[in-house]
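# Here you go, sequence then predicted model.
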Amino acid sequence: MLHIENLSVNYTGKTVLKDLNLTIPKGKITALIGPNGCGKSTLLKAISGGLKSATGQVTLAGRDLSRLNHKERARCLSILPQSPITPEGISVQQLVSFGRNPYLSQWGRLSAEDDQKVQQVIHQTGLSELAQRPVDTLSGGQRQRAWIAMILAQDTEYILLDEPTTYLDLTHQIELMEMIRQMNKQGKTLVVVLHDLNQACRYCDHLIVMRQGQISAQDSPDKIFNSRLLKEVFELNAMIINDPVANKPMCIPL
């Protein structure tokens, strides 16, 4: 299990996260939701080791992640940040192969097993015909799929995704969320920052609701997603109805 205990993070002179305590449910899709600036992305960075915490610790299977070196941590969990920067001129296949870096030998070369994994995830994400294309020539949806393929090639049990649907049109958002669901069915535990509350309810098993650097609520959508929560956290007046397709709660702003 991934545990966060008494976690506080200071960023640009401010306390962004304040004494957080939570457990990420294993084998589930967890959505981090909350207003802009509430600390969602900071929490992902702190979990992955991208930001140093002021207090507290993050443990996975009883191991303090801060005590692991970069390669050891990269074998435990992977993170796709907001708007990742693509190295100029590299192909889809080269980008995906970067996901195997934590497993490279001392010679820094891909093994036959690494090559097989890269080809497998390229096929899985529907990128076979684009494998030799430069990433910077792809559409937004195709590019995001390439980054997801790189994360899949890293082959970690825990995957952190920071606003993966940003800048995608609705069709590609749904395509990506369905891909996330398939990753979960393959045994991955996912933590996803989402702004679309209805997508969070439809696709995710567990919600962690954040406000001003703290946890306001956490549980399944059926248990905590209600009009009062939306008013208190998002200052949004909304009606909650049942999603007739997913049989999950969804909000209609008033």
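Perfect, thanks for sending it. Numbering: from 1, shown residues only.
# okay, CA-based contacts and neighbour counts for the rest of this
Fine.
# what's across from the spatially most central residue of the chain in the sheet?
In the chain, the C-alpha nearest the mean C-alpha coordinate belongs to L161, at 1.8 Å (Cα atoms, centre = their mean). Beta bridges link L161 to L80, V192 when assigned by DSSP bridges.
# List the contacts of it.
When contacts are counted by Cα atoms under 8 Å, 6 or more residues apart in numbering, L161 touches 79-81, 190-193.
# May I see those organised as a markdown table, with neighbour count and pLDDT added?
Putting these into a markdown table (neighbours: other Cα atoms under 10 Å; pLDDT from 0 to 100) gives the following:
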| residue | neighbour count | pLDDT |
| --- | --- | --- |
| I79 | 23 | 94 |
| L80 | 19 | 94 |
| P81 | 17 | 91 |
| L190 | 26 | 97 |
| V191 | 24 | 97 |
| V192 | 26 | 97 |
| V193 | 24 | 97 |
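# Dump these into CSV; add distance to H70 as well.
Formatted as CSV, these follow (distance: Cα to Cα, whole Å):
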residue, distance to H70
I79, 13
L80, 16
P81, 17
L190, 20
V191, 20
V192, 22
V193, 23
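# which two in these are spaced the farthest apart?
Farthest-apart pair in the contacts of L161 is P81 and L190; separation 13.6 Å (Cα to Cα).
# which SSE is the nearest residue to L236 once chain neighbours are set aside in?
Residue nearest to L236 in three dimensions, not counting chain neighbours: L230, with 5.5 Å by Cα to Cα, 6 or more residues apart in numbering. L230 belongs to helix 227-234 when assigned by DSSP states H and E.
# again, but for E178
E178 belongs to helix 170-185, assigned by DSSP H and E.
# Over to M239?
Assessed by DSSP H and E, M239 sits inside strand 238-242.
# Contacts for the following helix or strand past that strand, please.
The first helix or strand that comes after strand 238-242 along the chain, using DSSP H and E, is strand 249-253. The contact list for strand 249-253, computed with Cα under 8 Å, 6+ apart, reads 197-198, 201-202, 221-222, 225, 236-243.
# Strand 249-253: how far from the chain's middle?
Centroid displacement of strand 249-253 relative to its chain, using Cα atoms, centre = their mean, to the nearest Å, is 23 Å.
# ok, now stretch 132-139?
For stretch 132-139, the distance to the chain centre is 23 Å (Cα atoms, centre = their mean).
# Now do the buried residues in that stretch.
Neighbour-count burial for stretch 132-139, counted by 16 or more other Cα atoms under 10 Å, picks out 133-136.
# any idea of the mean pLDDT for it?
Taken as a whole, stretch 132-139 carries a mean pLDDT of 93.
# Over to stretch 203-223?
95.
# Pull out the buried positions in that stretch.
Quick answer for stretch 203-223 (16+ other Cα under 10 Å): 203-215, 217-218, 220-222.
# how long is it from one end to the other?
With Cα to Cα, to the nearest Å applied, stretch 203-223 spans 15 Å between its terminal residues.
# got it, and stretch 23-38?
19 Å.
# May I see the buried residues of it?
24-25, 27-34, 38.
# what stretches of the stretch 1-150 of the chain score poorly on pLDDT?
106-107 (pLDDT under 70).
# Which stretches in it count as strands?
Remark: strands assigned in the stretch 1-150 of the chain by DSSP state E, counting those that start in this stretch are 2-11, 14-24, 29-33, 55-60, 63-64, 77-80.
# hey, which of those strands is tucked in deepest?
Counting by mean count of other Cα atoms under 10 Å, strand 29-33 has the highest mean neighbour count of the strands of the stretch 1-150 of the chain, with a mean of 26.
# Report the contact partners of P221.
For P221, counting by Cα under 8 Å, 6+ apart, the contacting residues are 201, 204-207, 248-249.
# close enough to count as contact, V193 and C38?
No - with contact defined as Cα atoms under 8 Å, V193 does not reach C38; the gap is 11.5 Å.
# on that earlier part again, show me what the helix holding L230 is packed against.
The contact analysis (3 or more Cα pairs under 8 Å, 6 or more residues apart in numbering; DSSP states H and E) places helix 227-234 against strand 238-242.
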